[in-house]
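**Q** With the sequence up front, the predicted model follows.
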Amino acid sequence: MKPKLIIFDEPIFYAEGLSKLLTDGEIFESVHICNSNEKLYEQLSYQPPEFLMLGSDCLVRTEMYNLVQNLVCKHENIKIIVIGNFFEVAEIRKLFEKGIKSYLDINCGYEEFVKSIEALRSDLIYICDFAKERMMNFLSHIENDHKQNDHCLTKREMEVLKLICDGMSSKQISETLFISINTVETHRKKILLKLNVKNSAGVVKYAMENHILQ
């Protein structure tokens, strides 16, 4: 049995064209268009569909987050697809945390939309290739930042860091390295600042996650 779809987007001309395309493609049994919250909630109360497509032109970010959260609470079986205007990685992540099942950039083609529907019908999530590339670049930058943080530690700071990870106190470190406790404390403060952590536990966690001690 073919699923039903509601499109919540503007302009109407665009939404009607997309509706005809999807109906002619025999993907959905029916496609309804809404361009206001009132019409959307009315349609959902009358006949909840399997799929709901939200366009970014209808809502600002905060409104979209709230709408998605409310819809998921009231209609947990609806699979929500967001068509975004090149949302940032953090925005996409927040939408998935709120409960959407698919994110597509506004420049995605018909074939990718169909792929997302197929994924959702198999109880998977879907992110378009353009957004995936942004996510990979974002993760790459984080990794590079970590490496730069490692490289900005001086040789002495690295020695202190390793001894911190060995569980030594400032007094023990000062005795091991033959430096004053005040100097050790200065190194500690610089290490915390450079690695952007709050305490020794954070230093150990950072060192383990980034393989500094290998």
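**A** Everything's here; your move.

**Q** for the protein, what spans make up the helices?
**A** Using DSSP state H, the helices of the chain run over 12-24, 37-46, 61-74, 89-98, 110-121, 129-151, 155-165, 170-177, 181-195, 200-209.

**Q** Mind putting the ones you listed into JSON lines with mean neighbour count and mean pLDDT?
**A** Where you see a C-beta, it was placed from the backbone N, CA and C, and this is true even at glycine. Listed next are the helices of the chain as JSON lines, based on neighbours: other Cβ atoms under 10 Å; pLDDT from 0 to 100:
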{"stretch": "helix 12-24", "mean neighbour count": "14", "mean pLDDT": "81"}
{"stretch": "helix 37-46", "mean neighbour count": "14", "mean pLDDT": "89"}
{"stretch": "helix 61-74", "mean neighbour count": "15", "mean pLDDT": "89"}
{"stretch": "helix 89-98", "mean neighbour count": "16", "mean pLDDT": "90"}
{"stretch": "helix 110-121", "mean neighbour count": "16", "mean pLDDT": "91"}
{"stretch": "helix 129-151", "mean neighbour count": "13", "mean pLDDT": "67"}
{"stretch": "helix 155-165", "mean neighbour count": "18", "mean pLDDT": "88"}
{"stretch": "helix 170-177", "mean neighbour count": "16", "mean pLDDT": "92"}
{"stretch": "helix 181-195", "mean neighbour count": "16", "mean pLDDT": "89"}
{"stretch": "helix 200-209", "mean neighbour count": "16", "mean pLDDT": "82"}
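
**Q** can I get these in JSON lines with distance to S30?
**A** Below are these laid out as JSON lines (distance: least, Cβ to Cβ, whole Å):
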{"stretch": "helix 12-24", "distance to S30": "8"}
{"stretch": "helix 37-46", "distance to S30": "11"}
{"stretch": "helix 61-74", "distance to S30": "19"}
{"stretch": "helix 89-98", "distance to S30": "25"}
{"stretch": "helix 110-121", "distance to S30": "14"}
{"stretch": "helix 129-151", "distance to S30": "28"}
{"stretch": "helix 155-165", "distance to S30": "61"}
{"stretch": "helix 170-177", "distance to S30": "70"}
{"stretch": "helix 181-195", "distance to S30": "55"}
{"stretch": "helix 200-209", "distance to S30": "49"}
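
**Q** give the contact list for C34.
**A** C34 makes contacts with 6-8, 40, 43, as judged by Cβ atoms under 8 Å, 6 or more residues apart in numbering.

**Q** I am finished for the moment; much appreciated.
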